[in-house]
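Participant: This is a predicted model, with the sequence first.
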Amino acid sequence: MLLNVSQLLMEASGSVREYELDERIGLLDNSREDLVSGEVRLLKTTRSIWVSALFTSDVVNQCDRCLAPFSQSVHMDIEEEYFPALDPATGGRSQPENADDDTLYIDENQMLDLTPMVQEYASLDLPMKPLCKSDCAGLCPNCGVNLNDSVCQCDTALRDPRWGALLDMVGNSSQDG
Ligand SMILES: [Zn+2]
Ligand SMILES: [Zn+2]
């Protein structure tokens, strides 16, 4: 997701570029091609280009409980500041005040690469333990059957002792009510 900002860098502060983008990039790893769609707004400031972007994508994820692949929507609401690596006036290296390891740069060819940031925001939006549905029943640890699709013959109490205790409580309370 490369944007050429050579013109914008020479314009006055307050100048704006807006793009609609549809690009395939690997959101979870680089071997994949997820379709990322959205809008980008670039604002020239006195020292940088401020990027505001809103992207969405649907990625195929794997359920942490039942291991089934499922489609999950991802939202990336990006607000980041990018600094030119070269000073447009002198052509020499430039570094903003307070620069640190997280400072984002526009490369020497005035190309602003949004891909690493899009990937980072995607990983922040995706849950650590993705679930195909919040009440996914998972796999039976005894026989491995997908309990969303079928019921196995295993003793339910053997699946997980904690579930057994919980089910007893649910059973008792429904009798009370
Ligand atoms: Zn699942
Ligand atoms: Zn089973």
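Facilitator: Cool, got the structure. What you are looking at is a predicted structure, and each value in this text was computed from that prediction instead of being measured. Numbering: from 1, shown residues only. Ligands and ions are numbered 1, 2, ... in the order given.

Participant: neighbours of L147, just the number please.
Facilitator: Counted with other CB atoms under 10 Å, residues neighbouring L147 total 19. C-betas here are computed from N, CA, C, even on glycine.

Participant: got the contact list for I49?
Facilitator: 5, 8-9, 42-43, 81-82, 84, 106, 112 (CB atoms under 8 Å, 6 or more residues apart in numbering).

Participant: In TSV: those, plus neighbour count and distance to L139.
Facilitator: Listed next are the contacts of I49 as TSV, based on neighbours: other CB atoms under 10 Å; distance: CB to CB, whole Å:
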residue	neighbour count	distance to L139
V5	22	49
L8	18	52
L9	17	54
L42	19	47
L43	17	49
E81	14	46
Y82	21	45
P84	22	52
I106	22	48
L112	24	45
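
Participant: The residues you listed in strands, which ones?
Facilitator: Counting by DSSP state E, those place 42-43, 81-82, 84, 106, 112 in strands.

Participant: Now for this structure, the helix or strand with the poorest mean pLDDT.
Facilitator: Scoring the helices and strands of the chain by mean pLDDT, DSSP states H and E places helix 156-159 at the bottom, with a mean of 54.

Participant: on that earlier part again, make CSV out of the contacts of I49 and add distance to ligand 1 and pLDDT.
Facilitator: Formatted as CSV, the contacts of I49 follow (distance: CB to the ion, whole Å; pLDDT from 0 to 100):
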residue, distance to ligand 1, pLDDT
V5, 43, 96
L8, 45, 96
L9, 48, 93
L42, 40, 98
L43, 42, 98
E81, 39, 96
Y82, 39, 97
P84, 46, 93
I106, 42, 94
L112, 39, 96
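
Participant: Look up the closest residue to E81, ignoring the ones flanking it.
Facilitator: Distance criterion CB to CB, 6 or more residues apart in numbering; nearest residue to E81, sequence neighbours excluded, is S48 at 4.9 Å.

Participant: tell me which element Q72 falls in.
Facilitator: Per DSSP states H and E, Q72 falls inside strand 69-84.

Participant: and that strand, C-alpha only, in CSV?
Facilitator: Output of strand 69-84 as CSV, limited to C-alpha atoms (Å, rounded to 0.1, in the frame of the first residue of the first chain):
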residue,chain,number,x,y,z
PRO,A,69,-12.0,-21.7,9.6
PHE,A,70,-14.4,-18.8,9.7
SER,A,71,-14.6,-15.3,8.2
GLN,A,72,-14.0,-12.4,10.6
SER,A,73,-14.3,-8.8,9.9
VAL,A,74,-11.5,-6.5,10.8
HIS,A,75,-11.6,-2.7,11.3
MET,A,76,-8.6,-0.5,11.1
ASP,A,77,-9.1,3.1,12.3
ILE,A,78,-5.6,4.6,11.7
GLU,A,79,-4.3,7.9,12.9
GLU,A,80,-0.5,8.2,12.4
GLU,A,81,2.0,10.9,11.6
TYR,A,82,4.7,10.2,9.0
PHE,A,83,7.9,12.3,8.7
PRO,A,84,10.0,12.8,5.6
